[in-house]
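**Student:** Could you look at this predicted model? Sequence included:
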Amino acid sequence: MNLIVSVAIILLNLYVAYGHKFVYDEVSKAFTFTAQCLMGLYISQVSTQFRAFPFERALLNRLYE
């Protein structure tokens with residue numbers, strides 16, 4: 001997993017360094033979407049193991065609106 005993350009960061013830095021604005025926007029959208037999915041999976045896993053706290057419920061509602 002660390003290898004994948006470091007390769008992705010290196011690629012992102014290369015795109016930024018060479019000024020490919022469109023590609024950078026698309027990559028940042030993909031990173032944002034992936035982060036939201038991982039956060040949603042983590043929160044749903046936690047809320048199924050334990051009773052969901054109000055803060056987690058609010059986050060889940062905001063993520064899946």
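**Tutor:** Sure, I can see it.
**Student:** burial count for Leu12?
**Tutor:** Residues near Leu12, counting by other CB atoms under 10 Å, number 16. C-beta coordinates here come from the backbone N, C-alpha and C atoms, glycine included.
**Student:** That one contacts Ala30, doesn't it?
**Tutor:** No: counting by CB atoms under 8 Å, Leu12 stays clear of Ala30, with 10.0 Å between them.
**Student:** Counting neighbours, what do you get for the closest residue to Leu12 other than its chain neighbours?
**Tutor:** Nearest residue to Leu12 in three dimensions, chain neighbours excluded: Val27, at 5.6 Å (CB to CB, 6 or more residues apart in numbering). By the criterion of other CB under 10 Å, Val27 has 16 neighbours.
**Student:** and what of Leu41?
**Tutor:** A count of nearby residues for Leu41, using other CB under 10 Å, gives 10.
**Student:** Give the rounded mean pLDDT of whatever helix or strand it lives in.
**Tutor:** Leu41 is part of helix 21-49 when elements are defined by DSSP states H and E. Mean pLDDT, computed over helix 21-49, is 71.
**Student:** Need the per-residue pLDDT for Phe53.
**Tutor:** 59.
**Student:** Is the residue nearest to Leu12 in contact with Ile9, as I believe?
**Tutor:** No: counting by CB under 8 Å, Val27 stays clear of Ile9, with 10.5 Å between them.
**Student:** Run a quick neighbour tally on Ala8.
**Tutor:** Using other CB under 10 Å, Ala8 is surrounded by 14 other residues.
**Student:** I'd like to check which residues are in contact with it.
**Tutor:** By CB atoms under 8 Å, 6 or more residues apart in numbering, Ala8 lies in contact with Phe31.
**Student:** before we move on, what about Val7?
**Tutor:** Val7 touches nothing, counting by CB under 8 Å, 6+ apart.
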